[in-house]
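**Q** what shape does this take:
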Amino acid sequence: MSKTALLFAGQGAQIVGMGKDLAEKFPAAKTWFDRANAALGYDLAGICFNGPEADLTKTENAQPGIFLVSWVCFELLKEQAPNLKFEATAGLSLGEFTALTAADAMSFEDGLRVVRQRGKFMQEACDVTKGGMAAIISLDETLTREVCVEAGVVLANFNCPGQIVISGEAEKITKACELAKAKGAKRALPLSVAGAYHSPLMASAQPKLQNELAKIKISAPAVPVISNVTAQAHVVAQASRLCVPDGTAVTETHRQDACATISARLVEQITSPVLWESSMRALLAQGFTRFIELGPDTALSGFMKRIDKNAQMLNVANVASLEATVKAISI
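**A** Below you'll find the model as predicted:
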């Protein structure tokens with residue numbers, strides 16, 4: 001029997017106008033956008049719908065904006081396809097927060113507020129570190145690691161075969177791109193980002209995020225949620241099945257410890273590489289054959305085509321893709 005995983009977009013997916021047609025057509029979508037504005041105390045929906053692009057691309061707006069639009073896509077998919085069942089969730093970087101929220105590990109408002117603060121903290125780290133990132137295309141992992149050591153940068157994202165993203169100080173990223181090309185990379189593309197995400201240069205954001213996570217309730221997810229840091233399901237998803245590895249009953253202490261582990265992994269994720277390809281391969285190995293990307297872009301669909309071209313990949317980003325996905329899963 002086919003197993004379905006929901007995948008949630010990460011930063012970089014933002015585009016002015018995202019979610020606007022959904023809010024115009026579906027009352028439920030407008031309700032979620034209104035709830036988001038009320039929770040944050042400013043017009044995030046308006047920035048998503050109308051920009052300007054300079055405001056939307058600010059990390060403190062882009063992250064909650066993508067979270068919000070991805071969430072609306074999720075809620076509308078459930079509304080339009082009430083028989084849909086999903087057995088796991090995953091999200092790229094900030095998308096992991098959306099994935100946890102979709103799995104009932106945190107409330108919508110809590111997830112949105114934390115992501116807003118996460119973006120703010122990461123922007124503050126960017127402002128004082130002058131970092132950058134680059135995508136290294138068609139260079140194997142061993143040679144890319146050599147480039148990182150020689151240039152003094154780090155591996156940040158393992159997206160799919162043939163695409164690894166590196167992160168570090170801006171000048172060192174320039175050197176790394178030159179080294180990568182010299183070692184045979186097809187391309188080495190500096191990315192238009194605010195700083196060196198998923199690198200030690202983001203460390204100042206970690207204690208701030210930890211404090212924010214301590215203010216919210218994190219519950220056992222209803223389905224397994226894949227961690228970017230480990231490429232495996234958060235341990236709490238296993239604990240929620242009322243047993244631990246040695247077979248003893250789960251106590252409230254077990255649950256609290258497991259939920260604390262989710263928080264710790266989310267903090268660790270700030271400076272750790274995103275193991276996206278390994279995460280998808282873990283799901284494929286568990287028999288997942290259908291993946292639905294939720295959010296304003298199709299980058300994750302593109303990655304999956306490079307990971308396993310036989311996997312069924314659907315997406316919900318707007319009215320047209322929602323209708324197409326509902327039709328596909330109803331067959």
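
**Q** for residue 37, which residues are in contact?
**A** 43, 44, 45, 46 (C-beta atoms under 8 Å, 6 or more residues apart in numbering). For every residue, glycine as well, the C-beta is placed using N, CA and C.

**Q** how does it look with 10 Å?
**A** 43, 44, 45, 46, 68 (C-beta atoms under 10 Å, 6 or more residues apart in numbering).

**Q** ok, now residue 312?
**A** Residues in contact with residue 312 (C-beta under 10 Å, 6+ apart) are 2, 4, 288, 289, 290, 291, 292, 304, 328, 329.

**Q** pull the helix or strand with minimum mean pLDDT from the chain.
**A** Within the chain, no helix or strand scores below helix 235-239, which has a mean of 51 by mean pLDDT, DSSP states H and E.

**Q** which elements pack onto the helix or strand where residue 124 lies?
**A** For residue 124, the host element (DSSP states H and E) is helix 108-129. Secondary-structure packing of helix 108-129 (3 or more C-beta pairs under 10 Å, 6 or more residues apart in numbering; DSSP states H and E): helix 27-40, helix 59-80, helix 95-102, helix 205-213, helix 252-269.

**Q** about what we covered before: just the buried ones from the contacts of residue 312, in ChimeraX syntax?
**A** Applying 16 or more other C-beta atoms under 10 Å to the contacts of residue 312, the buried members can be selected in ChimeraX as follows:
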select :4,288,290,291,292,304,329
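
**Q** rewinding a little: tell me the angle the helix holding residue 124 makes with helix 27-40.
**A** 60 degrees (axes from the mean of the first three to the mean of the last three C-alpha atoms, to 10 degrees).

**Q** among the helices and strands packed on helix 108-129, which comes closest to residue 318?
**A** helix 59-80 (8.6 Å; C-beta to C-beta).

**Q** show me where the stretch 201-331 of the chain has its helices.
**A** Secondary structure of the stretch 201-331 of the chain (DSSP state H, counting those that start in this stretch): helices located at 205-213, 235-239, 252-269, 276-285, 299-307, 319-329.

**Q** for the closest residue to residue 275 other than its chain neighbours, give its distance to residue 280.
**A** The shortest distance from residue 275 to any non-neighbouring residue, by C-beta to C-beta, 6 or more residues apart in numbering, is to residue 231 (4.0 Å). Remark: distance between residue 231 and residue 280 (C-beta to C-beta, to the nearest Å) = 9 Å.

**Q** look at those two and report which has more neighbours.
**A** Using other C-beta atoms under 10 Å as the criterion, residue 231 and residue 280 rank with residue 280 on top: 26 against 19.

**Q** now the more buried one: closest residue in space that isn't a chain neighbour?
**A** Using C-beta to C-beta, 6+ apart and skipping the chain neighbours, the partner closest in space to residue 280 is residue 307 (5.1 Å).

**Q** that neighbour: neighbour count?
**A** Around residue 307 there are 21 other residues, counting by other C-beta under 10 Å.

**Q** so residue 136 lies in a strand, does it not?
**A** Yes - applying DSSP: H, G, I helix; E, B strand; the rest coil, one finds residue 136 inside a strand.

**Q** can you read off the pLDDT for it?
**A** We have a pLDDT of 98 for residue 136.

**Q** beta partners for it?
**A** Residue 136 has the following beta-bridge partners by DSSP bridges: residue 164, residue 188.

**Q** show me what contacts it?
**A** Neighbouring residues of residue 136 by C-beta under 10 Å, 6+ apart: 143-144, 147-148, 155, 162-166, 176-177, 179-181, 183, 185-189.

**Q** pretty sure residue 201 contacts residue 152?
**A** No - between residue 201 and residue 152 there is no contact under C-beta atoms under 10 Å: 11.5 Å.

**Q** identify the contacts common to those two.
**A** Residues touching both residue 201 and residue 152 comprise 168, 169, with contact defined as C-beta under 10 Å, 6+ apart.

**Q** tell me which of the two has more neighbours.
**A** Ranked by neighbour count (other C-beta under 10 Å), residue 201 and residue 152 place residue 201 first, with 23 against 13.

**Q** on that earlier part again, so among the contacts of residue 136, which ones count as buried?
**A** So, by 16+ other C-beta under 10 Å, the buried ones in the contacts of residue 136 are 143-144, 147-148, 155, 163-166, 176-177, 179-180, 183, 185, 188.

**Q** among these, name the ones in strands.
**A** The members of these that map onto strands under DSSP state E are 155, 163, 164, 165, 166, 188.

**Q** follow-up on the earlier one: how about the residue nearest to residue 280, what does it touch?
**A** For residue 307, the contact set (C-beta under 10 Å, 6+ apart) comprises 159-161, 276-281, 283-284, 291, 313.

**Q** in PyMOL, how would I select just the buried ones from those?
**A** Buried residues within these, by 16+ other C-beta under 10 Å, are selected in PyMOL with:
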select buried, resi 159+160+276+277+279+280+283+284+291+313
